[in-house]
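*Asks:* Generate a structure from the sequence data that follows.
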Amino acid sequence: MKIVHEEGRTVLKADEPNAKRRLLEDAIEACCGDRHLNYGNPENNFKRISMLQDAWIGCRYGVEFDRNIGGSWSLDPFDTVALNILQKLGRLSNNPRHRDSIIDIAGYAACWADLLEPSK
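*Replies:* Model (predicted):
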């Protein structure tokens, strides 16, 4: 490990990147780049998705709910992130070596962390 100064900040760098580091760096690039320009911040994006998932499940299975008055159930952004991770795990069950799905899971884990500290 060595300390490197890049673009006005100090960074700890491994001498040689290993597979874990490369995967996490790819996940950082995927989820911390300009995605917010297309999707908005993660908290709002997952909230919108959870509302759409609520509506879909309600229509599909005839389940009634009212998000505003605390219906019998309602998905939240954490559920949406978890469902996205489960989708990727389902894909990995077919091909456990599919790197893009693993990168996506790491990215969704980072989005989960964003949800723990909502933007103000």
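*Asks:* pLDDT-wise, which helix or strand of this structure ranks last?
*Replies:* Taking mean pLDDT, DSSP states H and E as the measure, the helix or strand of the chain with the lowest value is strand 9-13, at a mean of 67.
*Asks:* what's downstream of that one, the next helix or strand?
*Replies:* helix 19-32 (DSSP states H and E).
*Asks:* so who does the residue most central in space within the chain touch?
*Replies:* Closest to where the C-alpha atoms of the chain average out (Cα atoms, centre = their mean) is residue 108, at 2.2 Å. Applying Cβ atoms under 8 Å, 6 or more residues apart in numbering, we find residue 108 in contact with 31, 81, 84-85, 88. All C-beta spots, glycine's among them, are computed from the backbone N, C-alpha and C.
*Asks:* quick check, it in a helix?
*Replies:* Yes: with DSSP: H, G, I helix; E, B strand; the rest coil as the criterion, residue 108 is part of a helix.
*Asks:* Next one, pLDDT for it please.
*Replies:* In this model, residue 108 is scored at 94, pLDDT.
*Asks:* what does residue 43 give?
*Replies:* Residue 43 is assigned 85 on the pLDDT scale.
*Asks:* My guess is it contacts residue 113. True?
*Replies:* No: taking Cβ atoms under 8 Å as the definition, residue 43 is not a contact partner of residue 113, at 11.4 Å.
*Asks:* Which one's more surrounded, the two?
*Replies:* residue 43 (15 against 11; other Cβ atoms under 10 Å).
*Asks:* Distance check, that one against residue 54.
*Replies:* Distance of residue 43 to residue 54, computed by Cβ to Cβ, to the nearest Å: 17 Å.
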